[in-house]
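Novice: Structural data only, the sequence is not supplied:
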Ligand code: UD1
Ligand code: UDP
């Protein structure tokens with residue numbers, strides 16, 4: 001019986017790993033041993049419980065205001081002991097967090113093959129997103145199997161010398177997860193938000209957390225959201241606030257006295273999907289949201305200087321607008337107030353997946369273990 005160990009620690013990793021964990025659970029002759037680092041706590045537990053995943057081990061490494069080196073060292077320490085005890089045949093890591101980098105590195109030290117889920121994303125700037133661009137490049141050097149979500153992420157890997165036979169194009173598992181969440185179709189527990197969803201009010205959904213935006217840029221984001229709400233007072237700006245106190249201190253003071261801004265705790269994933277579906281526009285610096293909102297036909301304004309997810313920008317549903325306060329306000333109001341500008345961006349596109357990414361991923365993992373054939377690569381329907 002081969003032991004496959006998914007390792008993850010944060011909300012987005014949990015969302016994107018969930019469809020793979022579910023599919024591994026259905027495989028005979030595979031024992032799926034789920035290890036969470038606990039880099040996130042509430043935001044991680046929310047996702048695991050939604051998808052019915054009960055981790056086998058929790059390293060519980062979170063500290064308030066944790067440093068990158070602290071996350072790395074506590075994870076490496078915890079995994080060192082665990083690998084000795086469990087001896088997995090394969091380790092799976094997802095994306096570009098410090099939990100993922102630490103999981104890959106420690107597995108490499110133990111000579112355990114690493115599979116990288118969501119491989120090959122590149123912004124081309126080592127400092128942005130920080131530290132994610134470096135984390136994902138590091139994992140690419142170590143992984144034996146690279147599960148690239150798109151053909152452009154595969155091209156990035158080929159350009160860095162990764163061999164074609166070690167790459168499978170699977171689509172992004174976030175679309176598998178999103179389809180499940182949308183199907184749940186359950187109300188949002190917070191009655192203020194559910195009322196906004198049901199009333200058909202214009203919703204501007206916002207999220208922010210990126211480390212490179214922390215400080216002045218994040219304060220500008222807070223001021224911009226307040227100005228958008230004040231200028232378009234028929235709409236409601238909903239901000240599920242990230243648990244990071246640094247984020248909250250920068251953004252929330254600007255929003256406190258604006259009646260049509262609704263700040264809430266992080267939403268459970270099915271709730272967030274419901275609000276996204278009901279939104280008019282999405283304003284964010286998130287990676288995952290850039291992939292999800294386009295598939296729901298929502299225009300996305302990305303408050304970053306660059307992106308490792310160019311596909312929806314090319315398709316016209318995502319626009320990179322940076323973090324200048326005036327620019328954020330201008331771009332959002334243009335979409336809210338000029339119908340032609342809105343229509344030009346509001347196209348449902350699915351460059352990131354078709355809901356079968358987990359299935360393709362499992363076939364590639366089984367192939368790595370010497371079992372069966374890989375499914376054909378994901379082919380997005382363009383246009
Ligand atoms: C991390 C990832 C980032 C990912 C993001 C998703 C790294 C370096 N960063 O950034 O790539 O985009 O997660 O959200 O891996 N906190 C809680 N409870 C939680 C989660 C966070 O209290 O459930 C607080 C803690 O004080 C923690 C702080 O938030 O110290 C920051 O969390 P951390 O994981 O270090 O950074 P993120 O910005 O969340
Ligand atoms: N998300 C969620 N609840 C929220 C905000 C976001 O479930 O209140 C989901 C969102 O749908 C996406 C993921 O969290 O799948 C993105 O996480 P985040 O922005 O924290 O990280 P990133 O994707 O930027 O790494």
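Specialist: Looks like it arrived, so ask away. Computed from a predicted model, the values in this text were never measured in an experiment. Ligands and ions are numbered 1, 2, ... in the order given.
Novice: pretty sure residue 20 is in a helix, no?
Specialist: Yes - counting by DSSP: H, G, I helix; E, B strand; the rest coil, residue 20 falls inside a helix.
Novice: ok, it touching residue 115?
Specialist: No - proximity of residue 20 to residue 115 does not meet the contact threshold set by CB atoms under 8 Å, at 9.4 Å. Placement of C-beta: from N, CA and C, glycine included.
Novice: shared neighbours, those two?
Specialist: residue 92 (CB atoms under 8 Å, 6 or more residues apart in numbering).
Novice: show me the biggest helix of this protein in terms of residues.
Specialist: helix 68-86 (DSSP state H).
Novice: any idea of the angle the very next helix or strand once past that helix forms with helix 68-86?
Specialist: Using DSSP states H and E, the helix or strand that follows helix 68-86 in sequence is strand 90-94. With axes from the mean of the first three to the mean of the last three CA atoms, to 10 degrees applied, the angle from strand 90-94 to helix 68-86 works out at 150 degrees.
Novice: what's strand 90-94 packed up against?
Specialist: strand 2-8, helix 11-25, helix 98-109, strand 114-117, helix 357-368 (3 or more CB pairs under 8 Å, 6 or more residues apart in numbering; DSSP states H and E).
Novice: helices or strands next to the second one in the packing?
Specialist: Helices and strands touching helix 11-25, by 3+ CB pairs under 8 Å, 6+ apart, are strand 2-8, strand 30-32, helix 42-50, strand 90-94, strand 114-117, helix 173-184, helix 288-295, helix 357-368.
Novice: What residues sit buried inside it?
Specialist: Residues 11-24 are the ones in helix 11-25 that count as buried (16 or more other CB atoms under 10 Å).
Novice: between the residues you listed, which is nearest ligand 2?
Specialist: Closest approach to ligand 2 among the buried residues of helix 11-25 (CB to the nearest ligand atom): residue 12, at 3.7 Å.
Novice: Go through stretch 43-51 and flag the buried ones.
Specialist: Across stretch 43-51, burial judged by 16+ other CB under 10 Å covers 43, 44, 45, 46, 47, 48, 50, 51.
Novice: Pull the most distant pair out of the residues you listed.
Specialist: 43 and 51 (13.7 Å; CB to CB).
Novice: where exactly do the helices run in the stretch 251-383 of the chain?
Specialist: Using DSSP state H, counting those that start in this stretch, the helices of the stretch 251-383 of the chain run over 269-278, 288-295, 311-315, 325-337, 339-345, 357-368.
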